[in-house]
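Q: mind looking at a prediction? Sequence and model below.
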Amino acid sequence: MITLEEFLKVELKVARVIEAKPHPDADRLLVLTVDTGAEKKEVVAGIAQHYPVDGLVGKQVVLVNNLQPATLRGVVSNGMILAAKDGEAFSLITTDRPVSPGAGVR
């Protein structure tokens, strides 16, 4: 269990995918460039087997915006895209209507 105070440290933002490409060294990873409203970030996501790159551009996703950067197979990821996992299937957490990139998620 975490406290509400600990949870409030997590900065969840809506981000719009502006570019998606395969990871150069990993079949299961994609490299996404997302617009957070304030900046553009590169994020590595393990969704390559579930989403084609051409279907992601323009999609609004929920991003953990203040996660410490991590290097995944040689590419720096500056956040984490949220997805639900049901068995082997993944479903990106998205908005049900258009909102501005950078909108906070509560």
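A: Received it, and whenever you're ready, just let me know what you need. Keep in mind the model is a prediction, meaning the values are calculated, not measured.

Q: nearest the middle, which residue of this protein would you pick?
A: Central residue of the chain (Cα atoms, centre = their mean): Ile81, 2.1 Å from the mean position.

Q: burial count for Val14?
A: Val14 has 24 neighbours, counted by other Cβ atoms under 10 Å. C-betas here are computed from N, CA, C, even on glycine.

Q: report the contact partners of it.
A: Each residue near Val14 by Cβ atoms under 8 Å, 6 or more residues apart in numbering is listed here: 60-63, 95, 99-105.

Q: swap in Val76?
A: By Cβ under 8 Å, 6+ apart, the residues touching Val76 are 42, 44, 69-70.

Q: quick check: it vs Gly37, distance?
A: For Val76, the distance to Gly37 (Cβ to Cβ, to the nearest Å) stands at 21 Å.

Q: so what touches the one helix or strand in the chain whose mean pLDDT sits lowest?
A: Least confident element among the helices and strands of the chain, by mean pLDDT, DSSP states H and E: strand 89-92 (a mean of 92). Among residues not part of strand 89-92, those counted as contacts by Cβ under 8 Å, 6+ apart are 47, 50-51, 59, 61, 81-84.

Q: list only buried entries from these.
A: Buried members of those, counted by 16 or more other Cβ atoms under 10 Å: 47, 50-51, 59, 61, 81, 83.

Q: can you redo those as JSON lines with pLDDT and secondary structure?
A: Shown next, in JSON lines, are the buried ones among the contacts of strand 89-92 (pLDDT from 0 to 100; DSSP: H, G, I helix; E, B strand; the rest coil):
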{"residue": "Ile47", "pLDDT": "94", "secondary structure": "coil"}
{"residue": "His50", "pLDDT": "93", "secondary structure": "coil"}
{"residue": "Tyr51", "pLDDT": "94", "secondary structure": "coil"}
{"residue": "Lys59", "pLDDT": "96", "secondary structure": "coil"}
{"residue": "Val61", "pLDDT": "98", "secondary structure": "strand"}
{"residue": "Ile81", "pLDDT": "97", "secondary structure": "strand"}
{"residue": "Ala83", "pLDDT": "96", "secondary structure": "strand"}
